[in-house]
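S.K.: Here is a sequence with its predicted model. Questions after.
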Amino acid sequence: MIVLVLLLAGCTALMVTGIVQHQPATAILGGALLAFLLWGLITGGPGDDDYWGDAGDGDA
């Protein structure tokens, strides 16, 4: 969880720094990373262990 918070803070800081210092490349990079991270959180799997199937259940 702490890694997620740090990633969100870092991406936001990159975007804000780019905007404030008039560096569009930095702002675009921070915004793209933030959008990708949020997209992954929104469209991610349900998070339970059965999402990818049971390992070793004898169906092979």
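M.R.: Good, I have the coordinates.
S.K.: tell me the contacts of the residue nearest to T12 when sequence neighbours are not counted?
M.R.: Sequence neighbours aside, L34 is the residue nearest to T12 in space, at 6.2 Å (criterion: C-beta to C-beta, 6 or more residues apart in numbering). The C-beta positions use only the backbone N, C-alpha and C, and glycine is treated the same way. Residues in contact with L34 (C-beta atoms under 8 Å, 6 or more residues apart in numbering) are L8, C11, T12, L14, M15.
S.K.: Quick check: which element contains the residue nearest in space to the middle of the chain?
M.R.: The chain has L37 as the residue nearest its centroid, 2.0 Å off, counting by C-alpha atoms, centre = their mean. Assessed by DSSP states H and E, L37 sits inside helix 24-43.
S.K.: per-residue confidence averaged over that helix?
M.R.: If you average the pLDDT over helix 24-43, you get 92.
S.K.: from the middle of its chain, how far away would that helix be?
M.R.: Taking the mean of its C-alpha atoms, helix 24-43 sits 7 Å from the chain's own mean (C-alpha atoms, centre = their mean, to the nearest Å).
S.K.: Show me what counts as buried in it.
M.R.: Across helix 24-43, burial judged by 16 or more other C-beta atoms under 10 Å covers T26, A27, G30, G31, L33, L34, L37.
S.K.: Need the nearest residue in space to the second one, chain neighbours excluded.
M.R.: With sequence-adjacent residues excluded and distances taken as C-beta to C-beta, 6+ apart, A27 is closest to G18, at 2.9 Å.
S.K.: Contact partners for the one you found?
M.R.: Residues counted as contacts of G18 (C-beta under 8 Å, 6+ apart) are P24, A25, T26, A27, I28, L29, G30.
S.K.: Give me the pLDDT for it.
M.R.: 94.
S.K.: And the helix or strand harbouring it, what's buried?
M.R.: If you go by DSSP H and E, G18 is part of helix 2-20. Within helix 2-20, the residues scored as buried using 16+ other C-beta under 10 Å are C11, L14, M15, G18.
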